[in-house]
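1. Show me the folded form of this:
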Amino acid sequence: MDVFNRNAERYDAWYDRNRELYEAELELLPKPISPSVEVGVGTGRFAVIGIDLGVDVSLQMLRIAKKRGVECVAGDAAHLPFKDKSFRSAYLIFTLCFLDEPIKALMEIKRVLEGTLVACVVPANSGLGREYSGKDSSFYRKARFLTEDEVLSMLRETGFKVKEIRRRKLKYDENDFVCFIAES
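-> Numbering: from 1, shown residues only. Have a look, this model is predicted:
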């Protein structure tokens with residue numbers, strides 16, 4: 001997405017300005033099982049938990065992630081440049097809402113995954129989801145925030161079996177940040 005290429009530094013700076021929220025998000029994430037991939041790695045902020053490889057369409061975001069020490073590949077979530085069953089864990093963190101074809105992306109992740117998917121969202125029906133969807137922000141303008149039920153439905157439709165749901169209060173309530181942990 002062009003907005004992320006034009007504003008990669010500004011996007012990344014949010015995590016420095018909101019350190020407490022960022023650290024709360026990190027604490028909720030399960031440790032990856034290698035080999036692991038983050039689809040929509042952005043500037044690599046979440047890869048610090050030990051994710052092996054990051055994929056993103058934004059070259060400017062990947063440039064920052066590489067500076068952070070993340071091994072990166074340019075690629076589209078709906079057309080991942082990997083062989084079948086290449087990874088034992090995959091992460092989608094704040095990515096689903098920005099995808100044009102989330103079902104196709106989940107099918108691609110299922111293809112390259114033999115193991116666990118961690119899909120984290122700010123649900124549309126959470127306090128934070130309502131705040132973000134109401135913002136006139138260059139980042140959120142094109143986002144489609146999903147409800148928990150929509151995410152569960154997408155995961156089931158693409159053959160994932162949800163094993164656990166983790167929640168964290170970031171600002172309003174315990175549903176501000178929700179991670180779905182599912183098996184392929």
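
2. in this structure, what spans have low per-residue confidence?
-> 1, 134-140 (pLDDT under 70).

3. how about the strands in it?
-> Secondary structure of the chain (DSSP state E): strands at 36-39, 53-56, 72-74, 87-93, 113-121, 161-168, 177-183.

4. ok, now which ones touch the closest residue to Tyr172 other than its chain neighbours?
-> Excluding the flanking residues, the one nearest Tyr172 by CB to CB, 6 or more residues apart in numbering is Gly127, at 2.5 Å. (Glycine included, C-beta is placed from N, CA and C.) Neighbouring residues of Gly127 by CB atoms under 8 Å, 6 or more residues apart in numbering: Lys171, Tyr172, Asp173, Asn175, Asp176.

5. And these, which two are furthest apart?
-> Spatially, the most separated pair among the contacts of Gly127 is Lys171 and Asn175, at 10.9 Å (CB to CB).

6. check contacts around the residue nearest to Ala8 when sequence neighbours are not counted.
-> Excluding its sequence neighbours, the residue lying closest to Ala8 (CB to CB, 6+ apart) is Gln60, at 3.8 Å. Residues in contact with Gln60 (CB under 8 Å, 6+ apart) are Phe4, Asn5, Arg6, Ala8.

7. do you know how far the second one is from Glu38?
-> When you say that, I think you mean Asn5. In this view, Asn5 and Glu38 are 18 Å apart by CB to CB, to the nearest Å.

8. list the contacts for the nearest residue to Glu108 once chain neighbours are set aside?
-> Spatial nearest neighbour of Glu108, excluding adjacent residues (CB to CB, 6+ apart): Leu80 at 4.7 Å. Listed by CB under 8 Å, 6+ apart, the contact set of Leu80 reads Val39, Val55, Glu108, Ile109, Arg111, Val112.

9. One more: Asn125?
-> Applying CB under 8 Å, 6+ apart, the residues near Asn125 are Thr147, Glu148, Asn175.

10. quick one: stretch 4-16 to chain centroid distance?
-> Centroid separation for stretch 4-16 versus its chain: 15 Å, with CA atoms, centre = their mean, to the nearest Å.

11. Relative to Ile49, how far out is the spatially most central residue of the chain?
-> By CA atoms, centre = their mean, the chain has its centre lying nearest to Ile93, at 1.8 Å. Distance of Ile93 to Ile49, given as CB to CB: 10 Å.
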